[in-house]
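**Student:** I would like the atomic coordinates for the input below:
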Amino acid sequence: MTETENVEFKESWKSDHLKWVCGFANADGGKLFIGRDDNGYAVGLPGYRKLMEDIPNTILNILGIVTSVYLRDADGRKYIEIDVPKSILPVDCNGVYYRRIGNTNQILRGNSLTEFLAQRSGITWDSVPVDLAIDKLDPDCFSLFKEEAFRSHRIERSDLSLPPYDILEKLGLIHDRRLRKAAVLLFHKCPERLIPGAFTRIGRFRGVADLLYQDEIHGSLLSQAMKIVDLIFSKYLIAPVSYDGMTRVERYPYPKDAVREAVCNALIHNNWSRGIPIQIRIEDDALYVSNDCIFPSGWTVETLFERHRSVQLNPNIARCFFYAGFVETWGRGIQRICESCHENGNPMPEYKVLPSEITLKLSAAQANPEGKRPSAVYDLSGDPEEVICFLKENPGATYEEIAKELGVSRSTAYRQLDYLRNTGRLIRNPHSSKRKWTVVER
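**Tutor:** Okay, here's the model as predicted:
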């Protein structure tokens, strides 16, 4: 008998051998023989009677699975056979997932772990439990979440007064009295101590390769989201100053709402299992936000700009960002970025998708000395007067409703609305609670 994908030999029992049991359970099952050498010959096993009781109990307590354990005899030499069935659910050994591949026992990491968890039971990477005491989480991170959740009105006020453990349970961040990885990213002062690469890098470039200065943003994901946006607009961007009468007007090259949405999307959807930080690159006329990702099967870049369901790589992280009021949950993040760019006079955002990376490009809005948008040449399809007629009767219409009514794409509707606003036919205050369109009669 030799070692195969389903057979492993060990001369004696050690607790470290639980990794091999875990690996078999996460593959197609297998047999672990204790008391046989690497060539499969029985060498005898001292203390086998006690091991017959200890081994199955240890496996059950640590791995949570039931195995069959048999005492075997070969020419008077006792050995133990552990029959490990394939588990229908993922099995971890002290927070680490092993899988038998060929004759080796391998640790699942990165995309392979994410895909394995999703295929085996639908468990996401941010749901995986970790061995970390709750008192290692940062009270300031809880305070930040409670302050933002209080303002958003998306969680019961009474829940915000609960102790940290109960809040985490309400948020679904505890499993079997163990913290999930999402809890570490959201409430640990320095999550990269447990999850490498859990930070954001920002760089200011002149041209393609000339780095002028850079920063690294550390801390919980919620605090990173706030620090990143504040730093971009206070240090990395310059707002030309103009005056409207006696009022000083500062107009940044990118709408703050679009930048905030882009940053939050990257933090939520980043494939943190790869250990690669989010990167934000700021050039003279463009801002890039890049994060590692697992793009949904069958999706294309065009899918992002169409109406689509929200597919979340890290649903636990997304849920907490929603409760804090940072994002919505209906797959409208990209639409909100497009709307913000349109209202600010920026070109539409561009996305580039690679096998394991997605990059958003925001192009700067150019302002003339008066701080107004320059005139533009519009490539219109359809009659803009149809938009006017529709908005007279439906002043509260959304971009999607306008596009649907006219039977055109969202990008075409954006161009028509942009043309009408710049020619003085339409007015819309993006800061108004009702956000209604006003038709200016000639």
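**Student:** pretty sure residue 86 sits against residue 27.
**Tutor:** Yes: here residue 86 reaches residue 27: they are 7.0 Å apart, a contact under C-beta atoms under 8 Å. Glycine gets a C-beta too; all of them are placed from N, C-alpha and C.
**Student:** tell me which of these two has more neighbours.
**Tutor:** The neighbour comparison of residue 86 against residue 27 (other C-beta atoms under 10 Å) goes to residue 27, with 20 against 13.
**Student:** give the contact list for that one.
**Tutor:** 5, 86, 99, 100, 101 (C-beta atoms under 8 Å, 6 or more residues apart in numbering).
**Student:** tell me which residue lies nearest the centroid of the protein.
**Tutor:** Nearest to the mean C-alpha position of the chain, by C-alpha atoms, centre = their mean, lies residue 269 at 2.2 Å.
**Student:** gap between that one and residue 313?
**Tutor:** From residue 269 across to residue 313, the span is 5 Å (C-beta to C-beta, to the nearest Å).
**Student:** and stretch 43-61, how far from the chain's centre?
**Tutor:** Stretch 43-61 sits 42 Å away from the centroid of its parent chain (C-alpha atoms, centre = their mean, to the nearest Å).
**Student:** so where's the protein shaky on pLDDT?
**Tutor:** 111, 241-250, 297-298, 308-309, 329-331, 366-382, 409-411, 422, 428-435, 442 (pLDDT under 70).
**Student:** how does it divide into domains?
**Tutor:** 7-108, 129-193, 200-311+320-363, 384-439 (automatic domain parsing).
**Student:** out of the ones you listed, nearest to residue 115?
**Tutor:** Of all the domains of the chain, domain 200-311+320-363 sits nearest to residue 115, with 7.7 Å by C-beta to C-beta.
**Student:** ends of the closest one, what's the gap?
**Tutor:** 21 Å (C-alpha to C-alpha, to the nearest Å).
**Student:** and the helices in the stretch 301-442 of the chain, which stretches?
**Tutor:** Using DSSP state H, counting those that start in this stretch, the helices of the stretch 301-442 of the chain run over 301-305, 315-323, 333-344, 384-393, 399-406, 410-422.
**Student:** how much space separates residue 36 from residue 256?
**Tutor:** Distance from residue 36 to residue 256, by C-beta to C-beta: 66 Å.
**Student:** more crowded one of these two?
**Tutor:** Under the criterion of other C-beta under 10 Å, the comparison of residue 36 against residue 256 puts residue 36 first, with 26 against 14.
**Student:** just the helices of the stretch 301-442 of the chain: most buried one?
**Tutor:** Comparing the helices of the stretch 301-442 of the chain by mean neighbour count (mean count of other C-beta atoms under 10 Å), helix 315-323 comes out on top with a mean of 22.
**Student:** from residue 27, how far off is the residue nearest to the centre of the chain?
**Tutor:** 29 Å.
**Student:** just residue 394 next, same as before
**Tutor:** 58 Å.
**Student:** again, but for residue 17
**Tutor:** Taking C-beta to C-beta, one finds residue 17 at 16 Å from residue 27.
**Student:** ok, residue 163 next?
**Tutor:** 41 Å.
**Student:** check which element follows the helix ranked longest in the chain along the chain.
**Tutor:** If you go by DSSP state H, the chain has its longest helix at helix 48-63. Moving toward the C-terminus from helix 48-63, the next helix or strand (DSSP states H and E) is strand 68-74.
**Student:** many thanks, have a good one.
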